[in-house]
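Q: got a sequence here, can you model it:
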Amino acid sequence: MLNRILVALIGIPILMYVYYSGGIPLLVFTNIIVGIGLYEFYKMSELSGQKPFSKLGILAGLTIPNLIYFLDPLKMGVYLFLPLSALIICAMGVRIFENKVENASVDIGVTALGVAYISILFSHILLLTYLPNGGAWLIAIQVMVWVCDSAAYFVGINIGRKFFKEGFSIISPKKSKEGAIGAIIFTILAICLINYKYQLIPENYPIVIALGFLVSIVAQIGDLAESMFKREFKIKDSGRILGEHGGILDRFDSMIFVVPTVYYILKIFVY
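A: Numbers count the residues shown, from 1 in each chain. Prediction:
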């Protein structure tokens, strides 16, 4: 418990500073999350007997946020998919030169999945900073994710299984439908309060409510997606870098899904 409190006391102010500042601090942060996240993902898969091309995957994954930051963000399509395409070609080439057939599709597939799942999705955090109030939006997104996670937990603890007897998912049996509904309600309330205070989307509450709803749904999908991988790989936590908080993927699994979702909603319907 002491470890959890210390990590929160130190980590939250740093995180808020990085989000609001953007620039190089955010780029460094993104590289850390992507690099360690990919390492954890590939290590989990190795424990289950798979043999991903970890070094190639991490290299390709780290290339993406740096291309986005240092080159023209308007060409993000190239920056997101060029490293992934090169990775697939190189991984297949290595396997062919090794003259190995066994589990080729699985090993190459999990390598590419790691880059798409962690690097491509999370690197949208840099693209968000190019939108109006980008830093404020990053903080708002993180607060929504925290509210969603906390509401799901506390509502589930107090009234879980009282209205819906079956669990929310066999992927994570402790999660309840009541908790999921509570997470949706409180996430919508959170973004409405944030928007009322800071006017991120002035006088457009239908979009604000829809945004809160989608963020809650996607955040819970992100949480369950990582749980799905951990169950497949038969491990409890993605890592121990954050002590009792687990690994990087354990802490940022929801943000990985929420960041690109909010980016495209804002890009299409607001800005």
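Q: residues of the lowest-mean-pLDDT helix or strand in the chain that come out buried?
A: Lowest by mean pLDDT, DSSP states H and E among the helices and strands of the chain is helix 2-21, with a mean of 84. By 16 or more other C-beta atoms under 10 Å, the buried positions in helix 2-21 come out as 15, 18, 19. C-beta coordinates here come from the backbone N, C-alpha and C atoms, glycine included.
Q: give me the three-state assignment for the nearest residue to the last one once chain neighbours are set aside.
A: In this case it means residue 19. Leaving aside its chain neighbours, residue 19 sits nearest to residue 138 (3.9 Å; criterion: C-beta to C-beta, 6 or more residues apart in numbering). Per DSSP: H, G, I helix; E, B strand; the rest coil, the local secondary structure of residue 138 is helix.
Q: of all the buried residues of helix 2-21, which comes closest to residue 55?
A: residue 18 (27.0 Å; C-beta to C-beta).
Q: any idea which element residue 202 lies in?
A: Assignment of secondary structure by DSSP states H and E places residue 202 within no helix or strand.
Q: confidence score at it?
A: Residue 202 carries a pLDDT value of 87.
Q: cool, residue 267 as well?
A: On the pLDDT scale, residue 267 gets 93.
Q: tell me, how many residues neighbour it?
A: Other residues within reach of residue 267 by the criterion other C-beta atoms under 10 Å amount to 14.
Q: which residues sit in contact with it?
A: Contact analysis of residue 267 by C-beta atoms under 8 Å, 6 or more residues apart in numbering lists residue 131.
Q: show the subsequent helix or strand relative to the least confident helix or strand of the chain.
A: Helix 2-21 is succeeded, C-terminally, by helix 23-47 (DSSP H and E).
Q: what lies in contact with that next one?
A: Counting by C-beta under 8 Å, 6+ apart, 17-19, 52, 54, 57-58, 61-62, 64-66, 69, 110-111, 114-115, 117-119, 122-123, 125-126, 129, 229-230, 233-235, 238-239, 241, 247-249, 252, 256 sit against helix 23-47.
Q: 6 Å - rerun?
A: 18, 52, 54, 57-58, 61-62, 65, 69, 110, 114, 118-119, 122, 125, 233, 235, 238-239, 247-249, 252 (C-beta atoms under 6 Å, 6 or more residues apart in numbering).
Q: so which of those sit within helices?
A: Among the contacts of helix 23-47, the subset assigned to helices under DSSP state H consists of 18, 54, 57-58, 61-62, 65, 69, 110, 114, 122, 125, 233, 248-249, 252.
Q: any idea which of those residues is closest to residue 210?
A: Closest to residue 210, out of all of the ones in helices among the contacts of helix 23-47 and judged by C-beta to C-beta, is residue 125, at 21.2 Å.
Q: what sits closest to residue 186 if chain neighbours are left out?
A: Nearest one to residue 186, counting by C-beta to C-beta, 6+ apart, is residue 151 at 3.7 Å.
Q: that neighbour: how many residues sit nearby?
A: 22.
Q: and for residue 265?
A: 16.
Q: which strand or helix spans it?
A: helix 248-265.
Q: quick one: distance of that helix to the chain centre.
A: 3 Å (C-alpha atoms, centre = their mean, to the nearest Å).
Q: could you do stretch 129-146 as well?
A: 14 Å.
Q: averaged pLDDT, that stretch. What do you get?
A: The model assigns stretch 129-146 a mean pLDDT of 95.
Q: so which residues of the stretch 151-271 of the chain form helices?
A: Here the stretch 151-271 of the chain has its helices, by DSSP state H, counting those that start in this stretch, at 177-198, 205-233, 248-265.
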